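J.: can you look at this prediction? I've put the sequence above it.
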Amino acid sequence: MTLQDRLRDVESRLQEACHRSGRDRKDIQVIAVTKYVSVATADAVVSQGVTHIGENRWPDSKAKWESLQGQAVFHYIGSLQTNKVKDVVGRFDYIHSLDRISLAEAIAQRAETLDIVIPCLVQVNVSGEQSKHGMSPEHVSDFIQQLATYPRIRLIGLMTMAPYESEPEETRPIFRALRQLRDQLNHDLALETPLKELSMGMSNDFEVAVEEGATMVRLGTVLVGKEE
Ligand SMILES: *Cc1c(COP(=O)(O)O)cnc(C)c1O
């Protein structure tokens, strides 16, 4: 399949998932995850009009960022070490992997230095899988209340990764739980701006995630392919 074919195919699958669940396609942001592909392919993706790019490591994304800065919106979706924060804040427009106070502290400090506010999502380990990053759901409420002391961090929503399932339908409870957590937090915490974003759904399971309320889907293999 060519890139164009994949983009068209994903688009029609997204529209069908929206149709099945009574959602508006405009409420879902596609993030093209380019970690498996070259700078040239990432450039081609943006030329085709998919202008939100996701990457999970700074050294691997540097060349793509340099090529596409100003033309694309960059999402940092990988786990983030505190000592790498200086590379990411100021370059990436969103951080999806906020999962501990020490990281919030480092991000806030860097943002203060640069005099910017950075939109972040709290990464939640809904499945409880040991291999997954993110905080457990029961700690999110306290964490968000602590984040109120960091005005440089604008909290916009929650992110999760579902375990890989050969049957995508089996991911549904994970995505539903993240949506319910967001709604519960919005009900319980008097946030100035309610949490809106749900970053969930990857190549294998994005249609289920959309049906369960995803507002951001992170698509690598299915959308941009995979190169050596
Ligand atoms: C790699 C990655 C993706 C995209 O993976 P695909 O299955 O290829 O779509 C999405 N989210 C995160 C956090 C990733 O690391």
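T.: Good, I have the coordinates.
J.: neighbouring contacts of stretch 4-14?
T.: Outside stretch 4-14, the residues within contact range by C-beta atoms under 8 Å, 6 or more residues apart in numbering are 1, 25, 28, 30, 45, 48, 50, 206-207, 210, 217, 219, 222-225. Placement of C-beta: from N, CA and C, glycine included.
J.: next, count neighbours for residue 126.
T.: Residues near residue 126, counting by other C-beta atoms under 10 Å, number 24.
J.: show me the contacts for it.
T.: So residue 126 contacts 134, 137, 160, 162, 174, 177, 178, 181 (C-beta under 8 Å, 6+ apart).
J.: which helix or strand contains it?
T.: Assessed by DSSP states H and E, residue 126 sits outside every helix and strand.
J.: what does the one 5 residues further on give?
T.: For residue 131, there is no enclosing helix or strand under DSSP H and E.
J.: any idea how far residue 161 is from it?
T.: When C-beta to C-beta, to the nearest Å is applied, the distance between residue 131 and residue 161 equals 10 Å.
J.: between the two, who's got more neighbours?
T.: Applying other C-beta under 10 Å to residue 131 and residue 161 shows that residue 161 carries more neighbours, namely 26 against 8.
J.: so that one: helix, strand or coil?
T.: Secondary structure, DSSP: H, G, I helix; E, B strand; the rest coil: residue 161 is coil.
J.: and for residue 222?
T.: helix.
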